[in-house]
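Student: coordinates only, sequence not included:
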């Protein structure tokens with residue numbers, strides 16, 4: 001309390017009076033406290049919104065801050081640039097504003113950059129909430145206890161997300177699952193698989209979940225041929241992207257160029273995923289006992305539904321399909337999906353900044369924020385015939 005009163009005195013909001021404090025006459029009644037979000041930006045300093053999940057979380061942070069009468073600042077960090085432009089944020093920018101803490105959003109940020117920034121911010125003895133999307137950061141290797149302010153890592157549900165999906169499918173009668181992810185070298189993909197496997201194994205169904213990735217021996221030989229066709233088509237799309245990037249450098253207002261670039265990147269992504277996933281879909285469909293497909297994200301789940309329809313399969317009557325992210329497309333395509341609860345993550349990070357002692361977790365371990373499954377029309381009960389066939393096999 002004494003420290004807070006001293007901060008308010010330095011901010012010229014209060015003045016000491018005998019053994020008390022009084023508000024200064026004519027003191028600025030605007031919000032005097034603030035917090036700062038740091039995230040990866042482009043060469044102009046504009047923060048990459050990256051995806052819907054990021055935008056949802058940032059908007060929630062901004063809204064919750066304003067509801068608490070706090071200023072919410074954001075700073076775009078270009079990893080290729082020098083860090084001198086951080087200097088003015090390391091201390092309050094003026095006498096009427098007190099910086100309560102930092103939120104460090106590490107998506108797309110190199111590990112060495114995260115370490116460097118976190119060390120700098122911790123020396124200010126202000127709370128630092130670190131968002132690590134995949135839960136790979138280790139706080140003990142970064143922080144030095146006793147020499148800095150409190151810090152906590154917040155992360156998405158990894159293994160827990162896989163467990164939740166598995167319990168849901170198990171409850172719907174599914175006993176043979178395909179997990180389709182071309183990103184299986186990434187830790188988050190392996191964590192989801194581990195979570196699904198553990199739930200089915202605990203229920204007595206060993207080898208119930210089959211992963212399908214680019215290294216899966218069951219994938220047909222057309223993988224290399226498909227990737228070659230994909231590369232030829234992508235080259236033309238990336239030429240357009242290069243032109244858009246060069247044009248945008250000559251405009252001070254690049255809103256239209258950004259829209260065009262996003263459209264091109266969306267087409268680029270669609271081409272890449274289509275050719276990458278087709279062989280995996282073919283391999284998964286060969287197993288007639290599979291009653292549900294779980295894909296790495298919503299976009300891939302929608303491609304999976306399109307593929308199954310082309311093959312004459314009904315969703316969910318023949319095969320249920322579920323994705324991750326609960327994006328706007330999942331609603332538009334009536335897709336069941338896992339919602340990571342970004343608004344709750346934003347709330348918990350803000351609460352940590354305001355009350356660091358209330359967020360309890362094991363020393364050095366990330367705070368994993370739970371999500372929830374949003375059920376829609378792409379999932380349903382497993383086919384009894386397929387289950388009998390798989391049990392007989």
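Tutor: Arrived safely. Fair warning: this is a prediction, and the values are worked out from it, not measured in the lab. Numbering: from 1, shown residues only.
Student: and the closest residue to residue 166 other than its chain neighbours, what does it touch?
Tutor: Nearest residue to residue 166 in three dimensions, chain neighbours excluded: residue 199, at 3.6 Å (CB to CB, 6 or more residues apart in numbering). For glycine as for every other residue, the C-beta is placed from the backbone atoms N, C-alpha and C. Contacts of residue 199 were listed using CB atoms under 8 Å, 6 or more residues apart in numbering, and they are 162-163, 166-167, 170.
Student: those in helices, which ones?
Tutor: Of the contacts of residue 199, the ones assigned to helices by DSSP state H are 162-163, 166-167, 170.
Student: residue 106: which of those residues is nearest?
Tutor: Closest approach between the ones in helices among the contacts of residue 199 and residue 106, by CB to CB: residue 162, at 22.0 Å.
Student: quick one, phi psi at residue 368?
Tutor: Residue 368 has phi and psi values of phi -90, psi 120 when expressed as degrees, to the nearest 10.
Student: tell me the bridge partners for it.
Tutor: residue 155 (DSSP bridges).
Student: quick one on the thing from earlier: PyMOL command for the buried members of the ones in helices among the contacts of residue 199?
Tutor: The PyMOL command for the buried members of the ones in helices among the contacts of residue 199 (criterion: 16 or more other CB atoms under 10 Å) is given here:
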select buried, resi 162+163+166+167+170
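Student: quick check, nearest of the ones in helices among the contacts of residue 199 to residue 177?
Tutor: Taking CB to CB as the measure, residue 177 lies nearest residue 166 of the ones in helices among the contacts of residue 199, at 7.5 Å.
Student: my guess is that closest one contacts residue 196. True?
Tutor: Yes - Residue 166 is within contact range of residue 196, at 4.1 Å (criterion: CB atoms under 8 Å).
Student: identify the contacts common to the two.
Tutor: By CB under 8 Å, 6+ apart, the residues touching both residue 166 and residue 196 are 177, 209.
Student: just the strands in the stretch 201-350 of the chain please.
Tutor: Assigned by DSSP state E, counting those that start in this stretch, the stretch 201-350 of the chain shows strands spanning 209-212, 292-295, 320-324, 336-339.
Student: tell me which of those strands is the most buried.
Tutor: Comparing these by mean neighbour count (mean count of other CB atoms under 10 Å), strand 292-295 comes out on top with a mean of 28.
Student: helix, strand or coil for residue 135?
Tutor: coil (DSSP: H, G, I helix; E, B strand; the rest coil).
Student: not counting its neighbours along the chain, what's nearest it?
Tutor: residue 155 (3.8 Å).
Student: also residue 186?
Tutor: residue 134 (7.0 Å).
Student: contact partners for the one you found?
Tutor: 155-156, 158, 186-188.
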